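Student: build me a model:
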Amino acid sequence: MKRIVLICMSGLSTNLLVNKMKRTAKECGIEAEICAMSELAFTRYDKPTDVLLLGPQVSFRLEEMKQKLCPAGVRVALIEPETFARMDAEAVLQQAMEA
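Tutor: Down below sits the predicted model:
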């Protein structure tokens, strides 16, 4: 099971995307635990994470997050702005599964 976390400034826009991703994962038979939160909340998040996806609003934190989390085995990637704007759950889920 993949544990996927999406973050943005407040967690609201990523939460909408997560709901769609959960439905898509279920329909495709993909076992994944997916959640969304604000960037600040993630600093206190203590559950295991396999993939961290950053919303475009926090793209400036990408390199910092990679340096901090990649050594611990967490894959960190940026959700493409166009994909995020379309709320393309299938594309984001695929990105997470390939990470």
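Student: now do the helices in this structure.
Tutor: 12-28, 39-42, 62-69, 81-86, 89-98 (DSSP state H).
Student: nearest to Pro48, out of those?
Tutor: Closest to Pro48 of the helices of the chain, according to CB to CB: helix 62-69, at 11.7 Å. C-beta here means a position set from N, CA and C on the backbone, and glycine is covered the same way.
Student: buried stuff in that closest one?
Tutor: 65-66, 69 (16 or more other CB atoms under 10 Å).
Student: rewinding a little: ok, which of the helices of the chain comes nearest Asp50?
Tutor: Judged by CB to CB, the one of these that comes nearest to Asp50 is helix 89-98, at 8.4 Å.
Student: what residues sit buried inside that closest one?
Tutor: By neighbour count on 16+ other CB under 10 Å, the buried set for helix 89-98 is 89, 91-93, 95-96.
Student: sorry, back to before: and Val5, which of the helices of the chain is closest to it?
Tutor: Closest to Val5 of the helices of the chain, according to CB to CB: helix 39-42, at 6.7 Å.
Student: the closest one - contacts with which helices or strands?
Tutor: Secondary-structure packing of helix 39-42 (3 or more CB pairs under 8 Å, 6 or more residues apart in numbering; DSSP states H and E): strand 2-8.
Student: from the chain's centroid, how far away is the strand it packs on?
Tutor: The chain centroid and the centroid of strand 2-8 are separated by 3 Å, computed with CA atoms, centre = their mean, to the nearest Å.
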